[in-house]
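Undergrad: show me the folded form of this:
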Amino acid sequence: MINFQETSLLKPVILPKNRHKDSKAPLEAPDVAAAFHDEDTPGLIPINALARPLAVSLKVWTAALPDYTYQLYYDMKKVGPEKLILASHLPGDPLYLEVPTDLLAEGVHDVAYLIKNPENQVEETSNSFQIQIDKTPPGAPELAAIQFPVEIQNGLTAAELDRLGGQLVVQIAGYTGMAKHDLVQTRWGDIKGPDAIVNENDMGLDKVVVTFTREFLESLGQDEKLVCYKVVDRAGNTSILSNTVSVRLRLQEVPSDYPAPIVDAAVGSTVDYLEAQSGVAVDIPHYPGATALDNVQLFWGDNNPLAPVALPPGDEDETVAMTLIVPFAAIDKTPQGRVPIHYEVSRNGELVGTSLNTDIDVFTTLPVDEPLTRLTVQGTRYKVQAYKIRTLRTTL
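TA: Below is the predicted model of the structure:
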């Protein structure tokens, strides 16, 4: 006789009779591996995953038996064929479904699956995985130009770049559809520039900061280039190019050692009044890189420039590139003292070099600057008039 009061025996679990008829436990949501799974853009599908059917994965559920079926349930509709659970399938094994490309329209979609018991035709729907499809490029209808500091006007020089801390920091204004994780890609002419990724701080300020390093800028050369950018959002949609800004870099140090100008040897070491009246000839020797139509500007004194003169074609290879006559009016601005003479060369509106100095003494001052007052001698038949005689420094 069995003693049912025995408490040392283990108690079995009664298996519900409906275990093989349907599943009462909630079915786990499927997964879409191509989607982002973070907090910022959960379920966002990259556009490069939309060119082919979208893979959906699920697991064999606990109550599944052979001949049970599973089917894609997309936006509350059955999609595609029913698939069978095989005898080889065990709970937790991976299963796969696909969303056809024609259903991958822009917007938010619910992805689930539906299972069916073949004995009683009872169907159950899983929890859903929500996906987001974004096919809209950012920045419509246009992207504003990059905002550069004022130092780029007339070309950015090495000295100006130094004052900017050795880097060129620019700003990109907020644009339509601006979002965290957007990739801002700059272009300097046909050269790819630095990138920036939009973060929460950028969103708050409604702008993006991009930094061009000295190393990058020095690799670009001196030619004027159009600078712009485009935006690629996290889904992979690419904007149009922004409006452009024309920027010239002048980062190379301008040579300051071109050969010094040569004053006419006949003048000697001092320019006097008579020589100045005739004009003084100054030779511009051949300088490095001399090019036809270079603008050569002679300075008779540091703050006394003459008008620029174009280098005649054919003379760029001559030992003496050109000879300039300095007029009296320019010389007479410093009538006494030692005068430094140099020239500057410009090409296409840009300074390309400065010469060394040639110093020369100037003495064009006369002993008396104004005519004497007419003198009338009284008590004679004739009026005797005396006038100032201009006396040259050299005595006849």
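
Undergrad: I'd like the next helix or strand past the helix or strand hosting Val231.
TA: If you go by DSSP states H and E, Val231 is part of strand 225-232. Downstream of strand 225-232, the first helix or strand assigned by DSSP H and E is strand 245-247.

Undergrad: sheet-wise, list the partners of that following strand with their directions.
TA: According to DSSP bridges, strand 245-247 has the following sheet partners: strand 225-232 (antiparallel).

Undergrad: output the partner strand as PDB - backbone C-alpha positions only.
TA: C-alpha atoms of strand 225-232 as PDB (Å, rounded to 0.1, in the frame of the first residue of the first chain):
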ATOM      1  CA  LYS A 225      39.700  77.500 -54.800                       C
ATOM      2  CA  LEU A 226      36.000  77.100 -54.200                       C
ATOM      3  CA  VAL A 227      35.300  75.700 -50.700                       C
ATOM      4  CA  CYS A 228      32.000  74.000 -49.900                       C
ATOM      5  CA  TYR A 229      30.500  71.000 -48.000                       C
ATOM      6  CA  LYS A 230      27.800  68.400 -48.200                       C
ATOM      7  CA  VAL A 231      25.900  66.500 -45.400                       C
ATOM      8  CA  VAL A 232      25.300  62.800 -45.100                       C
END
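
Undergrad: re the thing from before, how about the strand holding Val231: buried residues?
TA: Lys225, Val227, Cys228, Tyr229, Lys230, Val231, Val232 (16 or more other CB atoms under 10 Å). Every residue, glycine included, has its C-beta placed from N, CA and C.

Undergrad: return the member of those nearest to Glu119.
TA: Val232 (52.3 Å; CB to CB).

Undergrad: any idea how far the residue nearest to the closest one when sequence neighbours are not counted lies from Cys228?
TA: The shortest distance from Val232 to any non-neighbouring residue, by CB to CB, 6 or more residues apart in numbering, is to Leu183 (4.4 Å). Per CB to CB, to the nearest Å, Leu183 is found 15 Å from Cys228.

Undergrad: again, but for Leu168
TA: Counting by CB to CB, the gap from Leu168 to Cys228 is 15 Å.

Undergrad: for Ala290, same thing?
TA: From Ala290 to Cys228 the distance is 36 Å (CB to CB).

Undergrad: what's the answer for Ile191, then?
TA: 12 Å.

Undergrad: and what of Tyr68?
TA: 58 Å.

Undergrad: with Ala281 instead?
TA: 51 Å.

Undergrad: what of His109?
TA: 35 Å.

Undergrad: any low-confidence regions in the stretch 151-300 of the chain?
TA: For the stretch 151-300 of the chain, no stretch has pLDDT under 70.

Undergrad: what segments of it are strands?
TA: Per DSSP state E, counting those that start in this stretch, the stretch 151-300 of the chain carries strands over the ranges 156-157, 167-173, 183-188, 191-197, 207-213, 225-232, 245-247, 249-250, 262-263, 270-272, 280-285, 295-300.

Undergrad: could those be laid out in a markdown table, adding distance to Ala105?
TA: Listed next are those as a markdown table, based on distance: least, CB to CB, whole Å:
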| stretch | distance to Ala105 |
| --- | --- |
| strand 156-157 | 48 |
| strand 167-173 | 31 |
| strand 183-188 | 25 |
| strand 191-197 | 28 |
| strand 207-213 | 30 |
| strand 225-232 | 21 |
| strand 245-247 | 38 |
| strand 249-250 | 47 |
| strand 262-263 | 80 |
| strand 270-272 | 87 |
| strand 280-285 | 73 |
| strand 295-300 | 63 |
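
Undergrad: determine the longest strand present in this protein.
TA: Counting residues, the longest strand found in the chain (DSSP state E) is strand 336-347.

Undergrad: same for that strand, what does it pack against?
TA: strand 295-300, strand 350-354, strand 358-363 (3 or more CB pairs under 8 Å, 6 or more residues apart in numbering; DSSP states H and E).

Undergrad: among those, which comes closest to Pro261?
TA: strand 358-363 (5.2 Å).

Undergrad: partner strands of that closest one and their direction?
TA: Here, using DSSP bridges, strand 358-363 pairs with strand 270-272 (parallel), strand 336-347 (antiparallel).
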